[in-house]
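Asks: just coords:
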């Protein structure tokens, strides 16, 4: 009887280990399903929307490329206030200037690197005024990912000392697909040494 119990316990432990291993590097099923759904919705938008950068050439659209979903890239970063916030100007891919205001720093450790990203607030008049803006480059840029960097949507959470950076949701600016778009480039401070192998890859492989 005892031997059977021991075998049963060993079997249960083995099953648990297999399950944990199968999800290692991806995340829980609900999280994976959420990211997959968002990617399907974006793919549908790119194919059908009049606002898509492929709207005039829908037959050319081949689908977006992504890294595998990996929950280790969903990071809770420290949100560090910036004293004496300044208005800064970011260059765009077509040589124009766009103004933003410094908002805060997001600091986190990944792959033995300490990383620090500056988050900006949009200040020009329009529907996006007051929204946060985060553009970054990393060690995959111009190789596995778009050379001019990627974007990440982040939300304001007044009073919070942390901010969620889910790099599985990192995406390319529209100029990665259509050169007629004007896209702000990441500031030098946001060019990371670490490889962020999460989110959207280069469209043209």
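Replies: Cool, the structure landed. No experiment lies behind these values; they were computed from the predicted model shown.
Asks: how near is the closest residue to residue 166 other than its chain neighbours to residue 112?
Replies: In this structure, residue 166 finds its nearest non-sequential neighbour in residue 74, 4.5 Å apart by Cβ to Cβ, 6 or more residues apart in numbering. Where you see a C-beta, it was placed from the backbone N, CA and C, and this is true even at glycine. Distance, residue 74 to residue 112, using Cβ to Cβ, to the nearest Å: 19 Å.
Asks: who's more crowded, those two?
Replies: Using other Cβ atoms under 10 Å, the more surrounded residue of residue 74 and residue 112 is residue 74, with 17 against 6.
Asks: Quick check: the more buried one vs residue 31, distance?
Replies: 8 Å.
Asks: cool, and residue 80?
Replies: Distance, residue 80 to residue 31, using Cβ to Cβ: 27 Å.
Asks: ok, now residue 94?
Replies: Relative to residue 31, residue 94 is positioned 37 Å away (Cβ to Cβ).
Asks: Among these two, which residue is more densely surrounded?
Replies: Remark: of residue 94 and residue 31, residue 31 carries more neighbours, 16 against 11, as counted by other Cβ under 10 Å.
Asks: burial of the closest residue to the more buried one other than its chain neighbours, as a residue count?
Replies: Excluding the flanking residues, the one nearest residue 31 by Cβ to Cβ, 6+ apart is residue 71, at 6.1 Å. Neighbour count for residue 71, taken as other Cβ under 10 Å: 18.
Asks: likewise residue 171?
Replies: Around residue 171 there are 18 residues (other Cβ under 10 Å).
Asks: beta partners of it?
Replies: On the basis of DSSP bridges, residue 171 takes part in beta bridges with residue 151.
Asks: which residues touch it?
Replies: If a contact means Cβ atoms under 8 Å, 6 or more residues apart in numbering, then residue 171 has 42, 150, 151, 152, 199, 200 as its contacts.
Asks: want to try JSON lines for these, with neighbour count and pLDDT as columns?
Replies: Output for the contacts of residue 171, formatted as JSON lines (neighbours: other Cβ atoms under 10 Å; pLDDT from 0 to 100):
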{"residue": "42", "neighbour count": "17", "pLDDT": "97"}
{"residue": "150", "neighbour count": "25", "pLDDT": "98"}
{"residue": "151", "neighbour count": "21", "pLDDT": "98"}
{"residue": "152", "neighbour count": "22", "pLDDT": "97"}
{"residue": "199", "neighbour count": "24", "pLDDT": "98"}
{"residue": "200", "neighbour count": "22", "pLDDT": "98"}
